[in-house]
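**Q** need a 3D model of the sequence below.
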Amino acid sequence: MIDNPDAVLFACNMNAVRSPMAEAILKYLHGHRIYVDSAGVRHGEPDHFAIEVMDEIGIDLSRHKPKSLEDLEDSSYDLIVTLSPEAQHHAIEMTRTMAAEVEFWPTLDPSYITGNRERRLGAYRQIRDQLLQKIKDRFPVTHAVDI
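**A** Next comes the predicted model:
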């Protein structure tokens, strides 16, 4: 069994969809057992589709405020999980001055999906569910969780 890290940072392009979803899921699954944060390469705006699909599984993302990697107050992460190629590049640069492992989880940005509301929500649900499964696999839960 893999030991869970003490501090994890999820990073994507604008900290509006993928990385806040991942942060919220890991916090939901592990509570305060793991320090979790998220950031983007650039500032984004809150994404209402992301908020909606997370609410469907009982996780409130409505108070999330997108922030950039430069806004981070802490730099003591054991693991940085990048969800986009751009974030991967920045994370590798960060490890020049920080002792952190980096894992790249290529994840589609559902905000690029066009079409009607249901088609777009479907793309967000797919990413949410992929992140949920990947997080459960990578950060094993040893206590009861209802998700």
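
**Q** give me the pLDDT value at the residue of the chain positioned farthest from its centre.
**A** Ranked by distance from the centre of the chain (CA atoms, centre = their mean), the top residue is residue 116, with 25.2 Å. pLDDT, residue 116: 97.

**Q** so where's this structure shaky on pLDDT?
**A** Along the chain, segments meeting pLDDT under 70 span 1-2, 143-147.

**Q** confirm that residue 38 sits in a helix.
**A** No - inclusion of residue 38 in a helix is not indicated when DSSP: H, G, I helix; E, B strand; the rest coil is applied; the result is strand.

**Q** distance check, it against residue 122.
**A** 23 Å (CB to CB, to the nearest Å). The way it works is simple: take the backbone N, C-alpha and C, and place the C-beta from them, glycine included.

**Q** what's the neighbour count on residue 75?
**A** 13 (other CB atoms under 10 Å).

**Q** you'd agree it is up against residue 96?
**A** No - contact criterion CB atoms under 8 Å: residue 75 and residue 96 do not qualify, at 11.7 Å.

**Q** SS state for the closest residue to residue 52 other than its chain neighbours?
**A** Nearest non-adjacent residue to residue 52, counting by CB to CB, 6 or more residues apart in numbering: residue 121, 6.8 Å away. Classification of residue 121 using three-state DSSP returns helix.

**Q** all helices for this protein, in order.
**A** In the chain, the segments counted as helices under DSSP state H are 18-30, 48-55, 85-94, 117-138.

**Q** so which of the ones you listed gets nearest residue 3?
**A** When these are compared by CB to CB, helix 117-138 sits nearest residue 3, at 11.5 Å.

**Q** quick one: the closest one to helix 48-55, angle?
**A** 50 degrees (axes from the mean of the first three to the mean of the last three CA atoms, to 10 degrees).

**Q** so who does the nearest residue to residue 103 once chain neighbours are set aside touch?
**A** With sequence-adjacent residues excluded and distances taken as CB to CB, 6+ apart, residue 103 is closest to residue 81, at 5.0 Å. Each residue near residue 81 by CB atoms under 8 Å, 6 or more residues apart in numbering is listed here: 8, 9, 10, 11, 22, 102, 103, 104, 105.
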